[in-house]
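S.K.: my questions concern the predicted model and sequence given below.
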Amino acid sequence: GSITTLTTPLGRRDSDLDEPTYARDALRYTPPPKTQRPALAHEYAWWSSYPDIRKRRRYRGLPTEPYWFEEAAIAARRAGLTRELPRFVRNSRALQALLRKEGYEKARLYGFAGYIQWLFHDTLWAVEGIADDFGTPHNVSPQEMRAYNDGTVVLWDDRNRRTFAAESSVVFRFAVAADATAPPPGWRLEVAVRHAGKTWWSESLPVPSTGSAGIVRLRGLRMTLPALARPATADLEARLTCPRRGAITANRWQFWVFPHVPPFAPADGIRVVGTAGPALEQFLGAATAAGTGATTAERLRVACDRLNDEDLNFLSRGGRVLLLSDQALPYYQMADTDVFRTVPWNRGRTGHSGTVVERHRALADFPHEGFCDYAFVNLVIGGWPGERTWPFNLDAWRRVTPIRPIIRLIDHYRAARHKAYLFEARVGAGRLLATCLRIGWGIRHRTPESRRLLQALVNYARSDAFRPRAAVTVESLRQMLNGQRRYED
């Protein structure tokens, strides 16, 4: 069969579909007792990218009709998304490349004897390969791929963390996968952390000579991250060397460092309503959490998992609302929509293929490269599988007004639904900023990216720059709230 059932820290998982949600969600392989038989991950790395309809002409004169490109083009045209397709392709490939590297490395770290890549090249509608149908690589060069898919590679055991607080102490743990030969005496690992061309820290350590091939785990290296005024993306670089050959192989990874974000004060005029919880209330200013005891005017209302008549009346009077919820407004709840990974294309017409993050003032203080990379993992699947993120259904809004989301979820190419993690709209005389990202989960678990993102959204929602273009009436929004909210197609 095509699915291997594994024992993981989160319970029993199927290797083909659950594991690539993010590598932490599985891949913790426990060999069967007594047998110690090697395990291969079958049809592994089942991550897709968006079909590039610009390649249709390459199939001219061939017996294969590229119908999947036509399906993508028709769906995009009906949804008014044709101009967005190049970004869909580019961003989905960027995420696919991240997932592939992460998946290969975690498979070796966690004890798989090997993996069978699905696919090396696309196979018609299954746009899931490293290369296209004609052998042209999508998103990785041979040199880049050998850094994590060779006989000897360096692995970072990131413990499923890519975001850290500035001035915190971090332990970097590495392993050397030497499948072809045992590490001989004299091997060393040289490690450095760099940002914007500046070296923050460097260290080296010997690689033990174990006498046999396999995974060699090294002792941890500790560093204290620097103080920062703004978030930064850092590069962790590791180079394996030996006295006679010099450099053997090298690998690199990105991680994100966020400065400390102090809580808001009661004087900031934030009122919190709904099921916020004490951690979120305290971060936003505890004195205004219940709407009592405040001595300043209400400049912003943060609504948690609700948008009721009181909130609509507040909007109608010109109020500003930041909504933290994935079910208070119309949302999509369907297979493979609540995950970080890109979906296998044989799963029907549901799922997604990455994200598009706009250059927007709401995210001016949050680092991104135009899509949700690993800085967003906990925001997308915070607490997975205990908490799931169902994206907003902006198709329900389009019956009243089209909305261009700040963070768009790229839908299945056969459907091209309008799905979002973050958007804004004028509601009557008021203004609404809504997100379904797991900010509340992150605040409870003190993840630095959640505090930074919430600070950015609150500051934007209170600023003069908060001027949404899309507009709906209060009554139109009320009808949406009183009508169907959960959409399964």
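M.R.: Nice, thanks for sending it over. Numbers count the residues shown, from 1 in each chain.
S.K.: how about the residue of the chain most remote from its centre, what does it touch?
M.R.: No residue in the chain sits farther from the centre than residue 244, which is 41.4 Å out by CA atoms, centre = their mean. Residues counted as contacts of residue 244 (CB atoms under 8 Å, 6 or more residues apart in numbering) are residue 186. Bear in mind the C-beta positions are built from the backbone N, C-alpha and C, glycine included.
S.K.: now it, what's its secondary structure?
M.R.: coil (DSSP: H, G, I helix; E, B strand; the rest coil).
S.K.: try the one 4 residues further on
M.R.: Each residue gets one of three states, and residue 248 gets strand by three-state DSSP.
S.K.: one more: residue 84?
M.R.: Applying three-state DSSP: residue 84 is helix.
S.K.: so what's the residue count around it?
M.R.: Other residues near residue 84 come to 17 when the count uses other CB atoms under 10 Å.
S.K.: my guess is it contacts residue 76, does it?
M.R.: Yes. Between residue 84 and residue 76 there is a contact under CB atoms under 8 Å: 7.3 Å.
S.K.: and residue 316, how far is that from residue 373?
M.R.: As for residue 316, its distance to residue 373 is 39 Å (criterion: CB to CB, to the nearest Å).
S.K.: of these two, which one has the most company?
M.R.: Taking other CB under 10 Å, residue 316 and residue 373 do not tie; residue 373 has more neighbours (22 against 17).
S.K.: dihedrals phi and psi, that one?
M.R.: Dihedral pair for residue 373: phi -100, psi -160, per degrees, to the nearest 10.
S.K.: which residues does it contact?
M.R.: If you count contacts by CB under 8 Å, 6+ apart, then residue 373 has 94-95, 98, 254 around it.
S.K.: ok, these vs residue 202, which is closest?
M.R.: residue 254 (17.2 Å; CB to CB).
S.K.: give the burial count for the closest one, as a bare number.
M.R.: Neighbours of residue 254 (other CB under 10 Å): 14.
S.K.: where does it land in three-state SS?
M.R.: The three-state label given to residue 254 by three-state DSSP is strand.
S.K.: quick revisit: most surrounded residue in the contacts of residue 373?
M.R.: Counting neighbours by other CB under 10 Å, residue 95 leads these with 25 neighbours.
S.K.: in what helix or strand does the closest residue to that residue other than its chain neighbours lie?
M.R.: Once flanking residues are discounted, residue 95 sits nearest to residue 354: 4.1 Å by CB to CB, 6 or more residues apart in numbering. If you go by DSSP states H and E, residue 354 is part of strand 352-357.
S.K.: so who does the nearest residue to residue 307 once chain neighbours are set aside touch?
M.R.: The spatial neighbour of residue 307 that comes closest, neighbours along the chain excluded (CB to CB, 6+ apart), is residue 328 at 4.6 Å. By CB under 8 Å, 6+ apart, the contact set of residue 328 is 303, 305-307, 481, 485.
S.K.: now swap in residue 121 and tell me
M.R.: 129-133, 135.
S.K.: so where's this protein shaky on pLDDT?
M.R.: 1-37, 286-296, 382-388 (pLDDT under 70).
S.K.: can you pull out the helices in it?
M.R.: Under the criterion DSSP state H, helices of the chain are mapped to 67-79, 85-109, 142-146, 278-285, 309-316, 377-381, 395-398, 439-444, 448-461, 474-482.
S.K.: what does the fifth one contact?
M.R.: Taking CB under 8 Å, 6+ apart as the criterion, the residues outside helix 309-316 that touch it are 273, 301, 303, 321, 427-432, 474, 477-478, 481.
S.K.: that helix to helix 474-482, inter-axis angle?
M.R.: Put simply, helix 309-316 runs at 150 degrees to helix 474-482, going by axes from the mean of the first three to the mean of the last three CA atoms, to 10 degrees.
S.K.: what residues sit buried inside helix 309-316?
M.R.: Residues of helix 309-316 classed as buried by neighbour count (16 or more other CB atoms under 10 Å): 311-312, 314-316.
S.K.: quick check, nearest of these to residue 390?
M.R.: Using CB to CB, the buried residues of helix 309-316 come closest to residue 390 at residue 311, 20.1 Å.
S.K.: the closest one and residue 462, how far apart?
M.R.: 17 Å.
S.K.: I'm done for today, thanks for sticking with me.
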